[in-house]
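Enquirer: quick one: sequence and predicted model below, then my questions.
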Amino acid sequence: MLRVWTEAGYAAPAMAPVQLSCEIDGCTASWSVASPKLMKKSMDVHRAEFHPGWVKPDPAPMTAYRLDFSGRGRQF
Ligand SMILES: [Zn+2]
């Protein structure tokens, strides 16, 4: 709730261009969009065009990392 309100409040007055960059698979593309509202859509368009096979990382790898981290802690 609070987060949605904050995003809306931020996006409304900001008319300055927003710089975007992509780092998927070593992609170094960077471009700008007219407003923060267009960020997400622009990223989606870029991914669809340049990284059609890319999928959002799921929470699963994070769980693996946490298990690995705790395992390392036990070794010490
Ligand atoms: Zn890219």
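Expert: Good, I have the coordinates. Residues are numbered from 1 along each chain as shown.
Enquirer: for residue 21, name its beta-bridge partners.
Expert: Beta-bridge partners for residue 21, by DSSP bridges, are residue 30.
Enquirer: how close does it sit to residue 47?
Expert: According to Cβ to Cβ, to the nearest Å, residue 21 stands 13 Å off from residue 47. C-betas here are computed from N, CA, C, even on glycine.
Enquirer: so for those two, which sits in the more crowded spot?
Expert: residue 47 (17 against 11; other Cβ atoms under 10 Å).
Enquirer: may I have the predicted confidence score for the closest residue to the more buried one other than its chain neighbours?
Expert: Using Cβ to Cβ, 6 or more residues apart in numbering and skipping the chain neighbours, the partner closest in space to residue 47 is residue 54 (5.5 Å). Looking at residue 54, its pLDDT is 88.
Enquirer: and residue 54, how many neighbours?
Expert: Number of residues near residue 54 (other Cβ under 10 Å) recorded here: 13.
Enquirer: wait, a helix at it?
Expert: No: going by DSSP: H, G, I helix; E, B strand; the rest coil, the assignment for residue 54 is coil, not a helix.
Enquirer: sweet, I'm off.
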